[in-house]
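>>> the sequence isn't on hand, but the structure is:
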């Protein structure tokens with residue numbers, strides 16, 4: 001998981017051209033999300049997921065008052081075998097931490113904060129130290 005996280009941290013700091021979004025502190029054109037849980041999509045196995053969310057313009061009519069960019073997610077999902085240490089994950093359904101920051105120091109700070117959260121959380125720290133049964137990297141349209 002350390003190697004996957006290191007690659008993710010580097011990847012989310014690379015600027016991407018053509019990203020859409022609102023200018024300013026609420027900019028939602030380029031962000032990241034870290035999720036954990038047990039879902040149907042993981043075959044009901046515990047999983048930890050890192051994703052980068054990008055908004056792109058598909059050349060739609062920007063004059064339309066309902067125009068929205070298309071959101072895409074580049075994700076890495078690690079699945080694990082069941083372990084008594086994360087039995088509560090089945091009950092709670094999981095959780096997430098999402099951050100949308102400009103590239104550079106604010107994003108680096110947000111990434112460091114989520115990593116501290118993961119390694120200090122009793123449930124997630126066990127998952128972090130485990131070897132995944134499989135890892136999947138995807139590019140999908142989000143939402």
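That came in fine, so what should we check first? Just so we're clear, the structure is a prediction, and the values are computed from it rather than from any experiment. Numbers count the residues shown, from 1 in each chain.
>>> make it CA atoms for all contacts and neighbour counts henceforth
Fine.
>>> lowest-scoring secondary structure element of the protein by mean pLDDT?
Least confident helix or strand of the chain, by mean pLDDT, DSSP states H and E, is helix 87-92 with a mean of 60.
>>> pretty sure residue 96 contacts residue 32?
No. If you go by C-alpha atoms under 8 Å, residue 96 and residue 32 don't touch, sitting 10.7 Å apart.
>>> more neighbours: which of these two?
Comparing residue 96 with residue 32 by other C-alpha atoms under 10 Å, the one with more neighbours is residue 32, at 24 against 14.
>>> which helix or which strand is home to the more buried one?
Using DSSP states H and E, residue 32 sits within strand 30-38.
>>> other SSEs contacting the helix or strand following that strand?
Later in the chain than strand 30-38, the nearest helix or strand by DSSP H and E is strand 46-56. Contact here means 3 or more C-alpha pairs under 8 Å, 6 or more residues apart in numbering; DSSP states H and E; on that basis strand 46-56 packs against strand 30-38, strand 70-79.
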